[in-house]
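> Structure here, sequence nowhere to be found:
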């Protein structure tokens, strides 16, 4: 079986890391196309032995990407195309249909009630998603919560398959030596109470709630891993409350490297262990970060799965979270160290004070972590592939039209179905970038 994975970009992110982990385990010959920004995950995938092609898409409405992608799919002779993330799903399904590929599977990684991949769900975005979803063979939801959302959108039940995200649990095991090393290099007291968080620094993740709560806890430090447009706002907020020396913004952290700490000189770090503005610090990756902290907080009120929470539980940490289908869909005894809180600074601060009084210490790794093993996810996805191929028609090739003219007036090639233009929605928004 020959499979082409099409993804919007390969910067550091949950969906991108999941793809890399799955590629190591899928019993198929796989190749990858990224529409934009190859990023560090692309380098990791290539180091693992899977070829990555950068399509060079220049914008959300770069329709010349369609015939280029369709030609690549046709020339590769793939049995199945698997798309990841919204823009790749829209363009990838159309291109696969143009190329006459046998089966098309799409994974919905980040569909919330009101946002998709951090962007608002407008009427136009919904219409375009539904129209292109009909071109696929199967749609994979990463949780029962996402599957329910897809059903509400009108995706037929028979096309929906739930394949949860997975982790390599052993990589997140607590390491006291790494804990001491990370704290030393960050200039943190070994006995300090340290809170951790990780994710894209965008408004929907509500890291402002976490930062404000920490500013009200004297002597407590926060290690926040991630990059995004909210970084400067969070930095100013910390300084405004006189806590700039306790709020450490670490930049993007790679959760897919093999070392627990990169071992580079602490001289590359800014004051207090922070990165220079606009740059990621040379510092701990996610496993190292989790070993260094005492409690993990995920304040986002709308998640599709909750991978960061799962990784923190794998490190034996108590976790406070706003939304985590991976935990909420299971009985409470599967994750006794995880506690949900409503989105409020006072409630979060109170919960953190209670945990601080209890003192540092690791919890047993809960059953939920074993349940979401990446090997099981790969097996389930392989079964989806087999079912999609078994029900797919014989490969047929559709002539690919010449590249359309640039600009908003350009139409999809004649081989594609007629799709609604989100720019004509009463609430227009471009296809999301990540």
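Right, received. Where do you want to start? Just so it is clear, the structure is predicted and the values come from calculations on it, not from any experiment.
> Report pLDDT for residue 207.
Per-residue pLDDT puts residue 207 at 97.
> Report the next helix or strand after whichever strand or helix holds residue 224 in sequence order.
Assessed by DSSP states H and E, residue 224 sits inside strand 221-225. Downstream of strand 221-225, the next assigned helix or strand under DSSP H and E is helix 231-240.
> Now do that next one against strand 221-225, angle only.
Here helix 231-240 runs at 170 degrees with respect to strand 221-225, directions being taken by axes from the mean of the first three to the mean of the last three CA atoms, to 10 degrees.
> For whichever helix or strand comes after helix 231-240, buried residues please.
Remark: after helix 231-240, the chain's next helix or strand is strand 247-251, criterion DSSP H and E. For strand 247-251, burial by neighbour count (16 or more other CB atoms under 10 Å) applies to 247-251. Backbone N, C-alpha and C define where each C-beta goes, glycine included.
> Among these, pick out the one closest to residue 44, please.
Of all the buried residues of strand 247-251, residue 251 has the smallest distance to residue 44: 17.3 Å, by CB to CB.
> Return the set of residues that bridge with that closest one.
Judged by DSSP bridges, the bridge partners of residue 251 are residue 225, residue 226.
> if I look at it, how far off is residue 209?
21 Å (CB to CB, to the nearest Å).
> go on, residue 103?
From residue 103 to residue 209 the distance is 43 Å (CB to CB).
> quick one: which of these two has more around it?
residue 103 (26 against 21; other CB atoms under 10 Å).
> give me phi/psi at the more buried one?
Torsion angles at residue 103 (phi, psi; degrees, to the nearest 10) stand at phi -150, psi 150.
> In contact with it: list those residues for me.
79-81, 137-138, 385, 388-389, 391-392 (CB atoms under 8 Å, 6 or more residues apart in numbering).
> Show me those that map onto helices.
Secondary structure from DSSP state H places 385, 388-389 of the contacts of residue 103 in helices.
> Now which of these would you call buried?
Using 16+ other CB under 10 Å, the buried members of the ones in helices among the contacts of residue 103 are 385, 388.
> Residue 364 is in contact with residue 318, isn't it?
No: Residue 364 is beyond contact range of residue 318, at 11.7 Å (criterion: CB atoms under 8 Å).
> For these two, work out which one has more neighbours and name it.
In this view residue 364 and residue 318 are compared by other CB under 10 Å, and residue 318 has more residues nearby, 23 against 8.
> mind showing which ranges of the stretch 201-350 of the chain have poor pLDDT?
Scanning the stretch 201-350 of the chain for pLDDT under 70 picks out the ranges 254-283.
> so where do the helices sit in it?
Listed in chain order, the helices of the stretch 201-350 of the chain (DSSP state H, counting those that start in this stretch) span 207-215, 231-240, 286-292, 307-314, 325-328, 345-358.
> just checking, what packs against the third one?
Okay, so that is helix 286-292. Secondary-structure packing of helix 286-292 (3 or more CB pairs under 8 Å, 6 or more residues apart in numbering; DSSP states H and E): helix 176-186, strand 194-198, strand 221-225, helix 307-314.
> before we move on, what SS does residue 46 have?
helix (DSSP: H, G, I helix; E, B strand; the rest coil).
> and the gap between it and residue 40?
Counting by CB to CB - residue 46 and residue 40 are separated by 11 Å.
> Same check on residue 299?
Going from residue 299 to residue 40 by CB to CB gives 26 Å.
> higher neighbour count, the two?
More crowded of residue 299 and residue 40, by other CB under 10 Å: residue 299, with 23 against 16.
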